[in-house]
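>>> here is my input, please return the structure:
(one chain, ligands or ions: 3)
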Amino acid sequence: MKENRQAISVAEAQRRLEPHIRLQPSECLELQYAYGRRLAEDIAATSSMPHFVKSGMDGFAVKAGDLRGASFENPAMLEVIQTIPCGTVPSLPVHSGQASRIMTGAPLPDGADTVVMFEMTEDCEIGGKPFVAVKKEVEEGRNVSFVGEEIQENEFLFGTGQRINAGQASLLAAFGYDKVRVFKKPRVAIFSTGSELLDIRSPLQPGKIRDSNFYMLSSLVQEAGGEVAAFAMLPDHKEQSEETIYRAADTADLILTTGGVSVGDYDMMAEIFNNLKGTLLFNKIAMRPGSVTTAGVIQSTLLFGLSGNPGACFVGFKLFVLPALYGMLGQKEPYPRTFSAYLKGDITKGNAYTRFVRGKRYIREGLAFVEPVGKDRSGVSVSIKDSDCLILIPPGGRGKRDGELVEVIPVDNIH
Ligand SMILES: Nc1nc2c(c(=O)[nH]1)N[C@H]1C(S)=C(S)[C@@H](COP(=O)(O)OP(=O)(O)OC[C@H]3O[C@@H](n4cnc5c(N)ncnc54)[C@H](O)[C@@H]3O)O[C@H]1N2
Ligand code: MOO
Ligand SMILES: [Mg+2]
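Ligands and ions are numbered 1, 2, ... in the order given. Modelled structure (predicted):
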């Protein structure tokens, strides 16, 4: 009987999912096409960075000792023996009383230990030879980058599961990783269920709505690093839908359905889960919205039955599907992390279940605040686009009041 479902906590539901989250197979990609993907290998530095002693400024490579006592009135006079452009190797060592013009990023010549910026010097000539007047003392090592200052050769850089963002791409390139091994995108099959659903191209008809959850879920899947491998709208017809869903398990890495998981007469997903040829993990969670979020496993493929109500579908995805996808992509701690913020306004509606209220976060005078975006009902779609976080309201009690600290989960729809 679907009415007798056992509600479990969010944490317990996540715990039950864990053993069924399997790592994706991997593939090799050119770094250029690997943005946003997750590494399927550990990466170490193939050399020290920098791998030669280099200048950090355009100026003169000198021995700091030669500048001792230098001042505006009494500058140190050094003979300029060479110019060192970037990408070359200096031909002469710098001896005491000498300097070399050097460009930012060029290798420091032997004997030099310091670079004086051009702005602190004046070019001159003594006996027909080029000299430089340095008008200030500079401490040894100034404007010089030493070998391994950033990273030592063989140092660990990134572990499996690390997302390749701009900073990672830069280092991978610097260390010559032209190709990287990344996890294959999870192939996700999405089925929208309900006889009220119209194709996006259809004009509205009485009693019917366009299927918007598919496009929401497809966006969320892609945002999470997956790809949509199959899609169908399924009418509330159990046998036919069951067959389509089971067939998807042959090819998809993850299956999502939306709608039909509650207790309505035509909620056929609930029926399918009740008689699942596989393992039912949970079918009721002590949370709002999304209390009817259901999950199971068929042929070792995770199957999520998300609510049809858009707000509940969204929360179910963020709390359970997203961590599953992240886990499949090797992320070590895939579950959403919370931060604390001061609540702006009251959320007084109590509930026996944990509530996840759509909110918008902002910083004021260095403090984090969060404000409900309003229109928070499970069936309301219009406020999802306005929210960038979920405000967690613990069960029981009297809700939370203006100025109280609340826990917040970022969901980043906007930024
Ligand atoms: N007697 C009870 N009724 C309901 C309960 C309950 O506990 N007892 N729970 C309510 C809650 S809370 C939720 S959430 C919904 C869950 O409903 P289902 O998951 O079974 O979804 P449906 O009945 O199929 O549809 C609900 C709602 O969402 C619209 N919908 C469905 N699919 C889509 C789609 N792809 N795109 C846009 N909108 C969609 C659908 O038309 C309905 O309006 O149950 C409550 N009822
Ligand atoms: O299960 Mo409903 O999604 O609580 O709003
Ligand atoms: Mg229903």
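>>> what ranges do the strands span in the stretch 51-200 of the chain?
Applying DSSP state E, counting those that start in this stretch to the stretch 51-200 of the chain gives strands spanning 54-55, 59-62, 76-84, 98-102, 114-117, 121-126, 129-134, 144-145, 156-158, 179-183, 187-193, 197-198.
>>> ranking the ones you listed by burial, who's on top?
strand 59-62 (a mean of 28; mean count of other Cβ atoms under 10 Å). Glycine gets a C-beta too; all of them are placed from N, C-alpha and C.
>>> run a quick neighbour tally on residue 164.
Counted with other Cβ atoms under 10 Å, residues neighbouring residue 164 total 21.
>>> in contact with the nearest residue to residue 95 once chain neighbours are set aside, which residues?
Counting by Cβ to Cβ, 6 or more residues apart in numbering, residue 111 is the residue found nearest to residue 95 once chain neighbours are left out, at 6.0 Å. Residues counted as contacts of residue 111 (Cβ atoms under 8 Å, 6 or more residues apart in numbering) are 63, 93-95, 98.
>>> widest-spaced pair of those residues?
Farthest pair in the contacts of residue 111 (Cβ to Cβ) is 63 and 93. Separation: 10.5 Å.
>>> between the two, which is the more surrounded one?
Taking neighbours as other Cβ under 10 Å, residue 63 and residue 93 compare with residue 63 leading, 19 against 13.
>>> look up how far ligand 2 lies from the more buried one.
Note on residue 63: its distance to ligand 2, by Cβ to the nearest ligand atom, to the nearest Å, is 73 Å.
>>> let me see the contact set for that residue.
By Cβ under 8 Å, 6+ apart, the residues touching residue 63 are 94, 96, 111-114.
>>> with respect to ligand 2, which of the residues you listed is nearest?
Using Cβ to the nearest ligand atom, residue 114 comes nearest to ligand 2 of these, at 66.4 Å.
>>> do a quick rundown of the helices in this structure.
Secondary structure of the chain, counting by DSSP state H: helices at 10-17, 166-174, 213-223, 238-248, 268-274, 310-316, 322-328.
>>> could you dump those into CSV and include mean neighbour count?
Output for these, formatted as CSV (neighbours: other Cβ atoms under 10 Å):
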stretch, mean neighbour count
helix 10-17, 17
helix 166-174, 14
helix 213-223, 19
helix 238-248, 16
helix 268-274, 22
helix 310-316, 27
helix 322-328, 23
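>>> could you export the ones you listed as CSV, including mean pLDDT and distance to ligand 3?
Below are these laid out as CSV (pLDDT from 0 to 100; distance: least, Cβ to the ion, whole Å):
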stretch, mean pLDDT, distance to ligand 3
helix 10-17, 97, 20
helix 166-174, 98, 43
helix 213-223, 97, 13
helix 238-248, 95, 14
helix 268-274, 94, 8
helix 310-316, 98, 10
helix 322-328, 97, 23
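>>> closest to ligand 2 out of those?
Taking Cβ to the nearest ligand atom, helix 310-316 is the member of the helices of the chain nearest to ligand 2, at 2.8 Å.
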